[in-house]
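1. this is the structure alone, sequence omitted:
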């Protein structure tokens, strides 16, 4: 179960890395700060799951923590209409950022669902 929690943390950190690591010579954080509502949404997509993942490392984790992490990743999935991207997976990825964002959200959702379905035994 600890490996699942660590994977939730890693996918959330991967998503947050989009803001600070330059991709194609551009640091996205500069542009994100100009759009504060969009930046706060971005933090909800990845910051909340990161915090929940870190808190889940203290076993046993209550069941609501992976649910909150799943909600954060799912908010990004719905907000970006990622289900439409499944049809064209690999066709129209304009930048590395799009693919990394897709992997971070879908991977985070997957392992959050696993953490919800298979909670800690003594939680």
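-> Arrived safely, thanks for sending. Because the structure is predicted, anything quoted here is derived from the model rather than measured.
2. assign residue 30 to helix, strand or coil.
-> Reducing the assignment to helix, strand or coil with DSSP: H, G, I helix; E, B strand; the rest coil, the entry for residue 30 is helix.
3. burial check on it, number of neighbours?
-> Neighbourhood size, residue 30 [other C-beta atoms under 10 Å]: 9. Using the backbone N, CA and C atoms, a C-beta is placed for each residue, glycine as well.
4. one more: residue 17?
-> Quick note: residue 17 (other C-beta under 10 Å) scores 15 neighbours.
5. chain neighbours aside, what residue packs nearest to it?
-> Taking C-beta to C-beta, 6 or more residues apart in numbering as the measure, residue 17 lies nearest to residue 100, with 7.5 Å between them; neighbours along the chain are not counted.
6. likewise for residue 11?
-> The shortest distance from residue 11 to any residue other than its chain neighbours is 3.7 Å, reached at residue 108 (C-beta to C-beta, 6+ apart).
7. can you check residue 74 too?
-> Across the structure, with C-beta to C-beta, 6+ apart as the measure, the residue nearest residue 74 apart from its sequence neighbours is residue 109 (6.1 Å).
8. tally of neighbours for that neighbour?
-> For residue 109, the count of nearby residues is 22 (other C-beta under 10 Å).
9. that'll do, ta.
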